[in-house]
Each structure stands twice: as C-alpha cells, then as structure tokens.
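Q: The following comprises the amino acid sequence and a computationally predicted model.
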Amino acid sequence: MIRRRFPWLSYLLVGTGAVLTVVPFADMLMTSFKGPDEAGTLPYRFLPRAFDLSNYRAAIHQLDLPVLFRNSVLATGMITGSVLLTSSLAGYALAKLRFPGRDLVFRLVLSTMMFPPFLFFIPHFLILVHWPLAGGNDLLGRGGAGLTVSILALAMPFLVSSFGIFLTRQFMVSIPDEVLEAARIDGCGEFAVWWRIVVPQTKPVLVTLGLLTFVDAWNEYIWALLVSTANPAVMTLPVGIQFLQDYVDPTRTLPIVMAGLVLSVLPVLVLFLLLQKHYIRGVLLSGLK
C-alpha cells in the first residue's frame, strides 16, 4: 500500500543505501592518490590536490606486495577449489544417495554452523604444529614446527565448509531423481552421474558459493595473523597492510595503506564483475529452492 502511494520512497531508500555503500570505497580510492600532508587534515578534502601514483609504488615496495599477493592467491585458490569440490560431492551424497545415518550426518553438518570459526583456531594451530613428518617433526609430531611453516597452514582449517555442503545439498534435492536413474540405466557410475548430470545443473549455486568463499578467504585476517607469527614468509595481504598501519606513522602511511587496500580489492571486484550474472542467478535460484 505504501509502495503504491509513495513509489518514490523505494527509490529514495535504494539510492541512500547505494550512496552509503559507494562513498567509503570512493573515499578510499581518492585517499590513495593524496600526498602525506593531505590525509587526516582539517578541513577535510575529498579530492586530492594532484592524482599521484607514488603511493601505489610505495605500497608495492614497502609491503613487498608481490609476495603478499602470491600467498593470498595460493591460499584463496586452495580454499575455494577444495570447498567447491567437497561441498558438491558431499551435497550430492546427502541429497541423492541413500545410506544408513544420512540424515544424522546432515544434522551433524548443520550443527557445526552454530559455532564461530575462531573458536577452533587454537586447536587447529596445535594440530598443525604437531603434524607428523612435517616441518622437522618425527612420526609422533614432535621436534619441529609441523605444517605451520608451510603455505598449506593458511588453507587447512577452511578446506571444508558446512555452509557450502548445506547450500549445495538444498539445491541438489530439487534435481529430479528420474534424470539420475536414466543416467544410471545408461551405464553411468555415481561419479559420472555427479560430474555429467549434477554439476552442470548446479553451476549457478556453485558460482555463488565459489564467489562467497573467495571473498571470505581473501579477507581472512585472524587465522592468517596467527600463522604469520609462526612464519612471516606466509604473510597474506590483509595482515601485511595492517602491519604497515600499526608500525609506521599513520599520518604518513595512510595514503599508502589506502593504495594497498585498493590493490587488494581489485581481484575481488574483477571476479564479481565477471561472475555477476551467475552470482545473481544462483542467489535467486537458491532462494526459490
């Protein structure tokens, strides 16, 4: 009723939300071009006096940006690929295969979503420290640093996602069983049914899950900070930017930090623009299911 009588109200709300969302990113971009004497001064200037790329060169040099990018890309790629694979396989098994305890397993998966991830960071770290035959450890996991000195440490706690299993399972339930039975009659095994029939039909939800996982893994800070204390060589981009902000004069490094943040946002932004159509479709179809 209100929408019919005041159609402009919905546009006002959407426009206000868009402005509140875009302005912080625009301010970050403009600050990345400012000089050291412009950031944090009053009266505040939104636009820089001169668009200078020296902050980006300084960010690449001071942050050792290529190494941080490499670590972030490797960790994010491992996490995203593993989550897509394990979620799709587990979702298919829980949705379309019949075996004793299937519903109990699904309930256990759902129950893990009630606990915050950082609750398990210390146990995960201790497991990695005492990983047998890795990082100088013996067969009993003693004497060395385990997997904490490896790039694998950044990805290990996030290789399986209960949310991903739940999302793919709920989507796969709607796939007609007759289609899968026809494929089995034609001689397809379960792996072939999953790969040739189920995966193509779940492409929108897998793209959505992949994008959400990529963003979460790319921006992960607490676990990456914990691992970086054990081995600074595996430091990721969010941790490196925060270190630069903490240990150098903020009034001089703020534009450099903003330049680093702009560079760190670019991969996520490009990926979202490339997959926007599939992402929106996946969200809509997941809601309908």
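A: Sure thing, it's come through.

Q: Setting the sequence-adjacent residues aside, check what's closest to residue 110.
A: residue 166 (6.3 Å; Cβ to Cβ, 6 or more residues apart in numbering). For the C-beta atoms, the positions are set from N, CA and C on the backbone; glycine is no exception.

Q: To what extent is the one you found buried, counted in neighbours?
A: Counted with other Cβ atoms under 10 Å, residues neighbouring residue 166 total 19.

Q: now the chain, which segments are flagged as low pLDDT?
A: When residues are selected by pLDDT under 70, those of the chain lie in 1-6, 8, 40-41, 246-252, 278-289.

Q: Could you rerun that using 50?
A: 287-289 (pLDDT under 50).

Q: Show me the residue at the heart of it, geometrically.
A: Compute the mean C-alpha point of the chain, and by Cα atoms, centre = their mean the closest residue is residue 216, 2.4 Å away.

Q: Could I get the contacting residues of that residue?
A: Residue 216 sits next to residue 158 when contact means Cβ atoms under 8 Å, 6 or more residues apart in numbering.

Q: And it, how far from residue 163?
A: Between residue 216 and residue 163 the distance is 10 Å, computed by Cβ to Cβ, to the nearest Å.

Q: next SSE after the helix or strand the residue nearest to residue 110 falls within?
A: Residue 166 is part of helix 162-172 when elements are defined by DSSP states H and E. Next helix or strand after helix 162-172 toward the C-terminus (DSSP H and E): helix 177-185.

Q: Buried residues in that following helix, which are they?
A: Of the residues in helix 177-185, 180, 183 count as buried by neighbour count, 16 or more other Cβ atoms under 10 Å.

Q: Going forward, count from 9.
A: Sure, I'll start numbering at 9, so the last one becomes helix 185-193.

Q: Got phi/psi on the residue nearest to the centre of the chain?
A: phi -60, psi -40 (degrees, to the nearest 10).

Q: which ones are touching the closest residue to residue 239 other than its chain neighbours?
A: Nearest residue to residue 239 in three dimensions, chain neighbours excluded: residue 157, at 4.6 Å (Cβ to Cβ, 6+ apart). Residue 157 sits next to 143, 238, 239, 241, 242 when contact means Cβ under 8 Å, 6+ apart.

Q: now do residue 218
A: Applying Cβ under 8 Å, 6+ apart, the residues contacting residue 218 are 88, 91, 92, 283.

Q: In strands only, show me those residues.
A: Secondary structure from DSSP state E places none of those in strands.

Q: Appreciated, that's everything.
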